[in-house]
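Visitor: Using only what follows, build the 3D model:
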Amino acid sequence: MASSSLSVRILPEPLRSLAFGSITSGYVAIGDPLAHPSRIVHFQNATDEAIYLSWDGINDHFYILSGSFILLDCGTNRGSVASEMAVSQGTQFYIKYASAPSLGGVYISTLYGKE
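Guide: So this is what the prediction gives:
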């Protein structure tokens with residue numbers, strides 16, 4: 001029987017978003033840097049064009065098609081090491097367009113663990 005005082009809760013950080021008109025051909029920061037090491041990060045492209053996602057604002061790390069998403073689950077199938085796997089606190093995400101979007105936005109949702 002598990003004690004609630006020993007359990008780890010999962011909590012969300014505030015949603016990060018950027019409307020289509022603020023996305024440019026050069027990298028733009030989306031929201032604030034991570035306030036906590038995040039175990040789950042969901043990147044959603046709700047624009048009508050593909051975008052690039054970067055963790056350093058210089059290099060292209062992910063290409064996200066229009067209307068699609070990337071889900072990073074750092075704790076899946078990790079067993080006892082799962083608490084060590086996370087996207088680092090302080091990480092800033094950046095996006096730019098592949099072709100200029102004309103509607104929608106880009107959203108980043110994150111979840112972190114807290115005892």
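
Visitor: Below-threshold pLDDT in this structure: ranges please.
Guide: Across the chain, the ranges flagged by pLDDT under 70 are 1-6, 76-84.

Visitor: Repeat the analysis, applying 50 as the threshold.
Guide: Applying pLDDT under 50 to the chain flags the ranges 1-3, 82.

Visitor: quick one, longest strand in it?
Guide: strand 105-114 (DSSP state E).

Visitor: For stretch 92-104, give me every contacting residue.
Guide: Where contact means CB atoms under 8 Å, 6 or more residues apart in numbering, the residues beyond stretch 92-104 that reach it are 16, 18-20, 23-34, 43, 45-57, 63, 66, 106, 108. For glycine as for every other residue, the C-beta is placed from the backbone atoms N, C-alpha and C.

Visitor: just to revisit the earlier point, parallel or antiparallel, list what pairs with the longest strand of the chain.
Guide: strand 9-12 (antiparallel), strand 16-19 (antiparallel), strand 40-45 (antiparallel) (DSSP bridges).

Visitor: Out of those strands, which gets nearest to residue 91?
Guide: strand 40-45 (8.9 Å; CB to CB).

Visitor: Please export the C-alpha coordinates of that closest one as PDB.
Guide: The C-alpha trace of strand 40-45 is given here as PDB (Å, rounded to 0.1, in the frame of the first residue of the first chain):
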ATOM      1  CA  ILE A  40       6.700  15.000 -20.700                       C
ATOM      2  CA  VAL A  41       6.900  17.700 -23.300                       C
ATOM      3  CA  HIS A  42       4.200  18.100 -26.100                       C
ATOM      4  CA  PHE A  43       4.900  20.300 -29.100                       C
ATOM      5  CA  GLN A  44       1.800  21.000 -31.200                       C
ATOM      6  CA  ASN A  45       1.800  22.700 -34.600                       C
END
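
Visitor: Now do it: everything it contacts.
Guide: For strand 40-45, contacts defined as CB under 8 Å, 6+ apart pick out 10, 51, 53, 62, 64-75, 87, 93, 104, 106-111.
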